[in-house]
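Student: No letters, just coordinates:
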């Protein structure tokens, strides 16, 4: 039966997900899962990795303080959930590259590039993974 279950962590740190829960979630042996900790509430969410389709965006922006924060604020206001980001200077003091893995939520993909452009950033690539 799907619902709350008690499981135990073994000596190797493995956690058994009961068969009833795997069946309810349609999870198969060897399938990847996403573990999301909530340290404040001392809890964790486990979800099948296949259910989360991520949008990958590469953004070019000025390499000066505040530009990355402005771009991140634009995505936050659109309701985009940032899953993973990485940035680096392409040309120190001139151009930085920001790589974003995100879940766009309900925002239309076509709204992302123009919104970032208004903040002084330029989308160089955007694709689903």
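Tutor: That came through fine. This one's a predicted model, so the numbers in the text were calculated from it and none came from an experiment.

Student: I'd say residue 119 and residue 75 touch.
Tutor: No. Using Cβ atoms under 8 Å, residue 119 is not in contact with residue 75, being 9.5 Å away. Bear in mind the C-beta positions are built from the backbone N, C-alpha and C, glycine included.

Student: which of those two has more neighbours?
Tutor: Using other Cβ atoms under 10 Å, the more surrounded residue of residue 119 and residue 75 is residue 75, with 23 against 17.

Student: show me the contacts for that one.
Tutor: 82, 100, 102, 112, 115-116 (Cβ atoms under 8 Å, 6 or more residues apart in numbering).

Student: ditto for residue 79
Tutor: Contacts of residue 79 (Cβ under 8 Å, 6+ apart): 104-107.

Student: got it, and residue 117?
Tutor: residue 123.

Student: tell me the average confidence for the one helix or strand it maps to?
Tutor: Element membership of residue 117, judged by DSSP states H and E, is helix 112-118. Helix 112-118 comes out with an average pLDDT of 97.

Student: what's the answer for stretch 68-88, then?
Tutor: On average, stretch 68-88 scores 97.

Student: Check the separation of the first and last residues in that stretch.
Tutor: Terminal residues of stretch 68-88 lie 11 Å apart, using Cα to Cα, to the nearest Å.

Student: the helices in the chain, which residues?
Tutor: Along the chain, counting by DSSP state H, helices occupy 19-25, 67-78, 112-118.

Student: Start and end of stretch 40-54, how far apart?
Tutor: 26 Å.

Student: what does that stretch contact?
Tutor: Under Cβ under 8 Å, 6+ apart, the answer for stretch 40-54 is 17, 25-27, 31-38, 83, 101-103, 128-129.
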